[in-house]
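Enquirer: fold the following, please.
(2 chains)
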There are 2 protein chains.
Amino acid sequence: MTHAASAGGPIVGVLGGMGPGATADFYAKLVRATPAATDQDHLRTLIWSDPSISDRTEALLFDGASPLPQLVSGLRLLEDAGAALIAMPCSTAHAYLPELRRTARVPIVSMVEATVDRLGPDTRSGATVGLLATSGTVCTGLYQQAFGARGVRCLVPSAPLQEDVMQAVRLVKAGRLDIAGRALEGPAAELVDAGAQTIVAACTELPLVLGAAASGVGVFDATAALVEDVLALAAALRYEFDKESTCGNAFV
Amino acid sequence: MTHAASAGGPIVGVLGGMGPGATADFYAKLVRATPAATDQDHLRTLIWSDPSISDRTEALLFDGASPLPQLVSGLRLLEDAGAALIAMPCSTAHAYLPELRRTARVPIVSMVEATVDRLGPDTRSGATVGLLATSGTVCTGLYQQAFGARGVRCLVPSAPLQEDVMQAVRLVKAGRLDIAGRALEGPAAELVDAGAQTIVAACTELPLVLGAAASGVGVFDATAALVEDVLALAAALRYEFDKESTCGNAFV
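Expert: Numbering: from 1, shown residues only, chains lettered A, B, ... in the order given. From the prediction side, this is the model:
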């Protein structure tokens, strides 16, 4: 911890830029969800937004360059600057979470676990959710497995409609939020027709254009779930942090 | 430059957290204003959002603790991680810009200069603008002097209505965006009645609640002006950066 980590509680590190709009959305939601009356009640946050990180879906599906070296480099930057926990607001990048956790010196919050845990209480075993995510995320099966372990069916769009989801993601990344939402109407309707009781917006680009309701069912925002888990872990670390500070003083 | 600064153009450093909502707004505007078709066209950005920085208005007006040591510490963090230019989305903190520039190894963009320069073309000498900013910013006279140097009159609210502006800033910092805008109605109306042809939202909390029009005149967003100057400087640095890379290759 070389910088500024001596006061003010744990620093939240954000491994972001995948894409940058999703990172901006994550940080805005983190700020809004933090119980705070003044600036000083908020969490110190270091955001490394690196949009040059190799495309995750390209790497997972089409033998594109692996984003892992850039992810590890960003992780090191955040750790060296004093981050006490890491959030990565990109579902597709979670394909690399096991490797990242093996090399990390601090905990990395999982957006997949956050989503499944926080949707869980409303999703009894036997329930059905519909997944809107990148093709990379869909192919890794991360969400399907995590939901499956809870007895929750997780539907994904058919191949042509999955292509519409990718088109929506690309439109958000290109700043075309005005038309991106429309590309999601077909995939969302297909999932609801197949029995989905909730749509999970698992790609962090999607909450930017998908309202609270799609095709008549609720939309669950994976970014918001990640925010809640980050706040919970930061609170736990702050408790440890304060305890250490107090103990330290007691022995001076 | 210890990290990740070897590819992808200059890194934008953001000395933020004053407040965190304003920093989130700045980054969202930077992303939206960047001409980009894919993630990889965006700027790499490192945001140090430190809401624990001592209150700027308290320091300037009421002998509160100086924020300068924390600002310098944040600046060092950003520089050490490879930032090639710095933006500070907080007008009041610009009272410390001369000291920060003296110690900085990279350029720090001025939000005051950005605002006056970019509002300038629409503001002929003899024009009148109205300033909505913190009491700290108003008292430093930074905006009044910069506008004055261009022959532009810069009006500020009367003392009781300036207190309403501070109340609006505090409400935004407390997340009460729903009622913060109303506190600005009186000050904005007073400025317009006194002859202001444009309202300058110079505190970065204010664009979050002040629409494009207030009391019938246009609102100029200082955060958006800072974004434009950051993009212009990053483009200039990227040109230098690319030239250096090319030259480097030519001699290998």
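
Enquirer: contacts and neighbour counts: CA atoms only from here.
Expert: Will do.

Enquirer: quick check, the residue in the stretch 101-250 of chain A closest to chain B?
Expert: Chain B sits closest to A:Ala174 of the stretch 101-250 of chain A, with a gap of 4.2 Å, by C-alpha to the nearest C-alpha.

Enquirer: the residue nearest the centre of chain A and A:Leu177: what is the separation?
Expert: With distances taken as C-alpha atoms, centre = their mean, A:Pro89 lies nearest the centre of chain A, 3.4 Å away. Per C-alpha to C-alpha, to the nearest Å, A:Pro89 is found 18 Å from A:Leu177.

Enquirer: now A:Ala33
Expert: 24 Å.

Enquirer: for the stretch 101-250 of chain A, which spans come out with low pLDDT?
Expert: Along the stretch 101-250 of chain A, segments meeting pLDDT under 70 span A:121-123, A:212-215, A:241, A:243-250.

Enquirer: if you set the cut-off to 90 instead, what comes out?
Expert: A:119-126, A:150, A:173-175, A:177-178, A:207-218, A:238-250 (pLDDT under 90).

Enquirer: surely the residue nearest to the centre of chain A meets A:Gly21?
Expert: No. Counting by C-alpha atoms under 8 Å, A:Pro89 stays clear of A:Gly21, with 10.4 Å between them.

Enquirer: how about the residues of the stretch 101-250 of chain A by chain B?
Expert: When proximity is defined by C-alpha under 8 Å from any C-alpha of the partner chain, the stretch 101-250 of chain A lies next to chain B at A:170, A:173-175.

Enquirer: mind listing which of these are in strands?
Expert: Using DSSP state E, no member of those falls in strands.

Enquirer: any idea whether the closest residue to A:Gln70 other than its chain neighbours is helix, strand or coil?
Expert: In space, A:Gln70 comes closest to A:Ile53 once its chain neighbours are excluded; the distance is 6.0 Å by C-alpha to C-alpha, 6 or more residues apart in numbering or on different chains. Three-state assignment for A:Ile53 (DSSP: H, G, I helix; E, B strand; the rest coil): coil.

Enquirer: can you report phi and psi for A:Ile53?
Expert: When read as degrees, to the nearest 10, the backbone of A:Ile53 gives phi -60, psi 130.

Enquirer: swap in the one 10 residues further on?
Expert: Main-chain torsions, A:Asp63, degrees, to the nearest 10: phi 60, psi 30.

Enquirer: can you report how many residues neighbour it?
Expert: A:Asp63 sits with 9 neighbouring residues when counted by other C-alpha atoms under 10 Å in any protein chain shown.

Enquirer: could you do the one 4 residues further on as well?
Expert: Close neighbours of A:Pro67, defined as other C-alpha under 10 Å, add up to 19.

Enquirer: residues contacting it?
Expert: A:53-56, A:59 (C-alpha atoms under 8 Å, 6 or more residues apart in numbering or on different chains).

Enquirer: quick check on those residues: which are buried?
Expert: A:53-56 (16 or more other C-alpha atoms under 10 Å in any protein chain shown).

Enquirer: show me the contacts for A:Arg150.
Expert: Residues near A:Arg150 by C-alpha under 8 Å, 6+ apart: A:120, A:125.

Enquirer: buried residues in stretch A:91-104?
Expert: Going by neighbour count (16+ other C-alpha under 10 Å), the buried part of stretch A:91-104 is A:91-97, A:100, A:104.

Enquirer: make a markdown table from these and add secondary structure and distance to B:Asp164 to it.
Expert: Shown next, in a markdown table, are the buried residues of stretch A:91-104 (DSSP: H, G, I helix; E, B strand; the rest coil; distance: C-alpha to C-alpha, whole Å):
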| residue | secondary structure | distance to B:Asp164 |
| --- | --- | --- |
| A:Ser91 | coil | 43 |
| A:Thr92 | helix | 46 |
| A:Ala93 | helix | 45 |
| A:His94 | helix | 46 |
| A:Ala95 | helix | 50 |
| A:Tyr96 | helix | 50 |
| A:Leu97 | helix | 48 |
| A:Leu100 | helix | 48 |
| A:Ala104 | coil | 47 |
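
Enquirer: all strands for chain A, in order.
Expert: A:11-16, A:45-49, A:83-87, A:128-132, A:153-155, A:198-201, A:213-214, A:217-221.

Enquirer: could these go into JSON lines alongside mean neighbour count and distance to B:Gly186?
Expert: As requested, those are exported to JSON lines (neighbours: other C-alpha atoms under 10 Å in any protein chain shown; distance: least, C-alpha to C-alpha, whole Å):
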{"stretch": "strand A:11-16", "mean neighbour count": "27", "distance to B:Gly186": "38"}
{"stretch": "strand A:45-49", "mean neighbour count": "27", "distance to B:Gly186": "35"}
{"stretch": "strand A:83-87", "mean neighbour count": "24", "distance to B:Gly186": "42"}
{"stretch": "strand A:128-132", "mean neighbour count": "25", "distance to B:Gly186": "46"}
{"stretch": "strand A:153-155", "mean neighbour count": "21", "distance to B:Gly186": "53"}
{"stretch": "strand A:198-201", "mean neighbour count": "26", "distance to B:Gly186": "42"}
{"stretch": "strand A:213-214", "mean neighbour count": "14", "distance to B:Gly186": "37"}
{"stretch": "strand A:217-221", "mean neighbour count": "20", "distance to B:Gly186": "38"}
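
Enquirer: now render those strands as JSON lines, adding distance to B:Asp221.
Expert: Formatted as JSON lines, the strands of chain A follow (distance: least, C-alpha to C-alpha, whole Å):
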{"stretch": "strand A:11-16", "distance to B:Asp221": "26"}
{"stretch": "strand A:45-49", "distance to B:Asp221": "24"}
{"stretch": "strand A:83-87", "distance to B:Asp221": "31"}
{"stretch": "strand A:128-132", "distance to B:Asp221": "36"}
{"stretch": "strand A:153-155", "distance to B:Asp221": "44"}
{"stretch": "strand A:198-201", "distance to B:Asp221": "32"}
{"stretch": "strand A:213-214", "distance to B:Asp221": "32"}
{"stretch": "strand A:217-221", "distance to B:Asp221": "30"}
